[in-house]
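# model this:
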Amino acid sequence: QVQLVESGGGLVQAGGSLRLSCAASGRTFSNYAMGWFRQAPGKEREFVAAINWSGSSTLYADSVKGRFTISRDSAKNTVYLQMNSLKPEDTAVYHCATGRTLTIATMKSLERYDYWGQGTQVTVSS
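Residues are numbered from 1 along each chain as shown. Just a heads-up that it's a prediction; the model follows:
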């Protein structure tokens, strides 16, 4: 079993930055790929970014490419999402997630993730 706890959300003006953190406990964190998803009110949960187990490969949604950066610190069992140049359309609840059978080919697929955090609210004002 894996437990995931997100933090770092908040209210920020457009153009600002936030860094989200996801602390993992339970099974060996360093063996698993990790992803960030977000869900805005009335919308489906969507992929944001993912990183493989070693940190050597990352994937991003087109909407955040060049503005967001995912990273991980296996010594701290933590994955981060650095969000720069935030826009009002980035407003959502952000969730981190992981899965036992994730591969680079499947890291964008929501259904491939087995464990989810409760989420942290990010609100970007215009």
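# quickly list what the closest residue to residue 68 other than its chain neighbours is bridged to.
Leaving out its chain neighbours, the residue that sits closest to residue 68 by Cβ to Cβ, 6 or more residues apart in numbering is residue 83, at 5.1 Å. Heads up, the C-betas are built off the backbone N, CA and C, glycines and all. Judged by DSSP bridges, the bridge partners of residue 83 are residue 18, residue 68.
# partners of the spatially most central residue of the chain in the sheet?
Most central in the chain under Cα atoms, centre = their mean is residue 36, positioned 2.0 Å from the mean C-alpha point. Judged by DSSP bridges, the bridge partners of residue 36 are residue 49, residue 96.
# residue 6 reaches residue 96, doesn't it?
Yes. Counting by Cβ atoms under 8 Å, residue 96 is a contact partner of residue 6 at 5.5 Å.
# tell me, what's touching the two both at once?
Counting by Cβ atoms under 8 Å, 6 or more residues apart in numbering, the contacts common to residue 6 and residue 96 are 20, 22, 117.
# what packs against the helix or strand containing the second one?
Residue 22 is located in strand 18-26, with elements delineated by DSSP states H and E. When contacts are defined as 3 or more Cβ pairs under 8 Å, 6 or more residues apart in numbering; DSSP states H and E, strand 18-26 sits against strand 2-7, strand 34-39, strand 78-83, strand 92-98, strand 120-125.
# can you say which of those strands is nearest to residue 70?
Closest approach to residue 70 among the helices and strands packed on strand 18-26 (Cβ to Cβ): strand 78-83, 5.5 Å.
# buried sites along the closest one?
78, 79, 80, 81, 83 (16 or more other Cβ atoms under 10 Å).
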